[in-house]
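In: any chance you could fold what I've pasted below:
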Amino acid sequence: MLGEGVGSCIPAIEARSVVKSFPGGAVALDHVSIDIRPNEFFTLLGPSGCGKTTLLRLIAGFEQPTAGEIYLDGERIEHLPPFRRPINTVFQSYALFPHMTVGQNIAFGLEMQGIAKAEIARRVAEMLALVKLEGFEGRKADQMSGGQQQRVALARALANKPKVLLLDEPLSALDLKLRKEMQFELKRLQTETGITFVFVTHDQEEALTMSDRIAVMSAGRVLQVGAPRDIYENPEHRFVADFIGETDFLDAMVEASDDAGVRYRLSSGAFIDGPPQDFNAGASVALSTRPERLHLGDAAGDGLAGTIDAVVYFGTDTTFHVALDGGAGSIRVREQNIAGKPFPFDRGDRVTIQMPRAAVRAFRDFKG
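Out: Model (predicted):
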């Protein structure tokens, strides 16, 4: 049996220098290498066209790689057809049989395997309980809400106990409130079943909420792999910093750099201090800052001077858009709202921005 006796130190899924090109020369995957650990929730994150769904289809067996290797539990699988791989997929459209009941949909794959009726009935009941749809087994699939249909699709995919479950943007068709609820449900299901989940999304919040690790992809390449906190706190590329969370960029030049930190000079002549990074004086960089790490002060305070040109109220917090003096750019500052304590700043006010050293990160790919 595929993967039998393989230790848990071996990746559940491994891609080695995988290339996928299409007629006409389009390259969807450009020497992608990743390893996905057993029993983890792993997310492929990136914009449309970055190659994440193509990689998922290669793992599932719906596409064949142009070059490279794919392993499941240490054994090569790229030559195996989809039905020979212990991998199931939940699609964005759910792909349920509308003429069948919920129970029949869940049982379908088990029946195709020739499993005994008593065992099928037991597994259907087990899956209904797992996705919290007890009592719905007799209802037609097309009589269910979008969220319920997604749960049925998950139950059907989990019923035959795959080693890996692939999820291709399964939450995109749901409304915002239900999508947030299902984020936690998916993570609960992964934890309870112990199955390796590989999740594809372009939604950074989904990725941060559910994932054990995230692979950020762009233009057919994996730019960074790490835990959500690592990806957010320590992005290795400007693209990653820009794609994960809200980020502002300021073009700057390295004025001085040593073991104590880096001093940057903006086009306006203003200086910003940051933590140590490997730069030489004179290097052109892009400084990135997160709005939630900055604070506003009055015009007489220390920090970058500017003028508020927009104020956006979000309920829990307020975002101030500040145009910096000297044409150095614009930057956002997010302040948490406290009941009964409005901020003393409004559009047109002169302010200073207090920027802790730890809030500054620079990238060499300043034009990318």
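
In: residues of the longest helix along the chain that come out buried?
Out: Longest helix of the chain, by residue count under DSSP state H: helix 176-193. By neighbour count on 16 or more other CB atoms under 10 Å, the buried set for helix 176-193 is 178, 179, 182, 183, 185, 186, 187, 189, 190, 193. The C-beta positions use only the backbone N, C-alpha and C, and glycine is treated the same way.

In: this protein: helices as residue ranges?
Out: For the chain, applying DSSP H gives helices covering 52-60, 102-112, 117-130, 146-159, 176-193, 204-210, 228-233, 238-243.

In: reformat those as a markdown table; add mean pLDDT and distance to residue 252.
Out: Converted to a markdown table, those look like this (pLDDT from 0 to 100; distance: least, CB to CB, whole Å):
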| stretch | mean pLDDT | distance to residue 252 |
| --- | --- | --- |
| helix 52-60 | 96 | 32 |
| helix 102-112 | 91 | 56 |
| helix 117-130 | 92 | 52 |
| helix 146-159 | 88 | 46 |
| helix 176-193 | 87 | 37 |
| helix 204-210 | 92 | 25 |
| helix 228-233 | 94 | 21 |
| helix 238-243 | 94 | 13 |
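
In: reformat these as CSV; add distance to residue 139.
Out: Shown next, in CSV, are the helices of the chain (distance: least, CB to CB, whole Å):
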stretch, distance to residue 139
helix 52-60, 29
helix 102-112, 5
helix 117-130, 11
helix 146-159, 9
helix 176-193, 18
helix 204-210, 28
helix 228-233, 37
helix 238-243, 40
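
In: and the ones you listed: which comes nearest residue 272?
Out: Within these, the stretch nearest residue 272 is helix 238-243; the backing value is 15.9 Å (CB to CB).

In: C-alpha coordinates for the closest one, CSV please?
Out: Extracted in CSV, the C-alpha atoms of helix 238-243 (Å, rounded to 0.1, in the frame of the first residue of the first chain):
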residue,chain,number,x,y,z
ARG,A,238,8.4,43.3,-0.9
PHE,A,239,5.6,41.3,-2.6
VAL,A,240,5.0,39.2,0.6
ALA,A,241,4.9,42.4,2.8
ASP,A,242,2.5,44.0,0.4
PHE,A,243,0.2,40.9,0.0
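
In: where does the prediction get shaky in the chain?
Out: In the predicted model, the chain carries pLDDT under 70 at residues 1-8, 365-368.

In: the spatially most central residue of the chain and residue 197: what is the separation?
Out: Nearest to the mean C-alpha position of the chain, counting by CA atoms, centre = their mean, stands residue 207 at 3.1 Å. Applying CB to CB, to the nearest Å, the value for residue 207 to residue 197 is 12 Å.

In: domains for this protein, by residue range?
Out: For the chain, automatic domain parsing gives the domain ranges 13-240, 248-363.

In: now the terminal residues of the shortest one, how far apart.
Out: Just to be clear, that refers to domain 248-363. 12 Å (CA to CA, to the nearest Å).

In: ditto for stretch 84-93
Out: Taking CA to CA, stretch 84-93 runs 23 Å from one end to the other.

In: pull out the buried positions in it.
Out: Neighbour counts over stretch 84-93 (16+ other CB under 10 Å) mark 85, 86, 87, 88, 89, 90 as buried.

In: okay, and the beta partners of the fifth one?
Out: Listed beta-bridge partners, residue 89: residue 166 (assigned using DSSP bridges).

In: surely it is in contact with residue 168?
Out: Yes: the criterion here is CB atoms under 8 Å, and residue 89 meets it with residue 168 at 6.6 Å.

In: return the most buried member of the domains of the chain.
Out: domain 13-240 (a mean of 18; mean count of other CB atoms under 10 Å).

In: got the end-to-end distance for it?
Out: First residue to last in domain 13-240 (CA to CA) measures 23 Å.

In: chain center to it: distance?
Out: When distances are taken as CA atoms, centre = their mean, to the nearest Å, domain 13-240 is centred 13 Å away from the chain's centroid.

In: same check, this time on stretch 309-326
Out: From the chain centre to the centre of stretch 309-326 is a distance of 26 Å (CA atoms, centre = their mean).

In: hmm, who's touching that stretch?
Out: Under the contact criterion CB atoms under 8 Å, 6 or more residues apart in numbering, stretch 309-326 has outside partners 250, 266-270, 291-292, 296, 304-308, 330-337, 343, 345-348, 351, 353.

In: for stretch 254-272, same thing?
Out: 250-253, 273-277, 279-283, 285, 287, 304-305, 324-329, 355, 357, 360, 362.

In: my guess is residue 36 contacts residue 12, does it?
Out: Yes: here residue 36 reaches residue 12: they are 5.3 Å apart, a contact under CB under 8 Å.

In: joint contacts of the two?
Out: In contact with both residue 36 and residue 12: 164, 196, using CB under 8 Å, 6+ apart.
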